[in-house]
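S.K.: predicted coordinates and the sequence they were generated for:
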Amino acid sequence: MSAIKHPFVTEKATYHIEDNNKLQFIVDINATKDQIKREIEELYNIPIISVNTMITMKGKKKAIVTFEGDTTASELASKLGIF
C-alpha cells in the first residue's frame, strides 16, 4: 500500500512551493509522518526536513512536506508536471 496518493495543487500550495520550499500531497488516511517521509525520500531521492499532516474537511489527509535545499520543491514540482 502506497502512503502517497497524489500531489495537492492550489494557489496557496503553489505559493508554498515557490517561497517556502514545501510541497503538499494527499496521502492515505492511515499513513504516519515517518511512512510519508520515507516513501517520498525513496521515490524521489530527495532529503526532507519535516512532514506536517492534517485531516481536511472532506475527510482526506494532507501532508505538507518541507525539503532541504533552496529549490528542491520547485524542481520536484516540475518533474511531477505541476509547473
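M.R.: Done, it's in.

S.K.: and the helix or strand bottoming out on mean pLDDT in the chain, which residues are buried?
M.R.: Of all helical and strand segments in the chain, the minimum by mean pLDDT, DSSP states H and E falls on helix 11-20, at a mean of 88. Using 16 or more other Cβ atoms under 10 Å as the test for burial, helix 11-20 gives 13, 16-17. (C-beta placed from N, C-alpha, C; glycine too.)

S.K.: which parts of the protein are helices?
M.R.: 11-20, 33-44, 72-80 (DSSP state H).

S.K.: and Lys61, which of those is closest to it?
M.R.: helix 33-44 (9.2 Å; Cβ to Cβ).

S.K.: which residues are contacting the closest one?
M.R.: 2-4, 25, 27, 46-48, 51-53, 63, 65, 76, 79 (Cβ atoms under 8 Å, 6 or more residues apart in numbering).

S.K.: how much space between the nearest residue to Ala3 once chain neighbours are set aside and Leu80?
M.R.: Of all residues not flanking Ala3 in the chain, Ala31 sits nearest, at 3.7 Å (Cβ to Cβ, 6 or more residues apart in numbering). Counting by Cβ to Cβ, to the nearest Å, the gap from Ala31 to Leu80 is 18 Å.

S.K.: between those two, which has more neighbouring residues?
M.R.: Per other Cβ atoms under 10 Å, whichever of Ala31 and Leu80 has more neighbours is Ala31, with 20 against 14.

S.K.: please look at Asn20 and Thr66 and confirm they touch.
M.R.: Yes - Asn20 is in contact with Thr66 according to Cβ atoms under 8 Å; the separation is 7.3 Å.

S.K.: got phi/psi on Val9?
M.R.: Reported as degrees, to the nearest 10, the phi and psi values for Val9 are phi -120, psi 120.

S.K.: could you flag which of the contacts of helix 33-44 are buried?
M.R.: 3-4, 25, 27, 46, 48, 51, 53, 63, 65, 76.

S.K.: okay, those residues in JSON lines with distance to Arg38 next?
M.R.: JSON lines is the format used below for the buried ones among the contacts of helix 33-44 (distance: Cβ to Cβ, whole Å):
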{"residue": "Ala3", "distance to Arg38": "8"}
{"residue": "Ile4", "distance to Arg38": "11"}
{"residue": "Phe25", "distance to Arg38": "13"}
{"residue": "Val27", "distance to Arg38": "12"}
{"residue": "Ile46", "distance to Arg38": "12"}
{"residue": "Ile48", "distance to Arg38": "9"}
{"residue": "Val51", "distance to Arg38": "10"}
{"residue": "Thr53", "distance to Arg38": "14"}
{"residue": "Ala63", "distance to Arg38": "12"}
{"residue": "Val65", "distance to Arg38": "12"}
{"residue": "Leu76", "distance to Arg38": "16"}
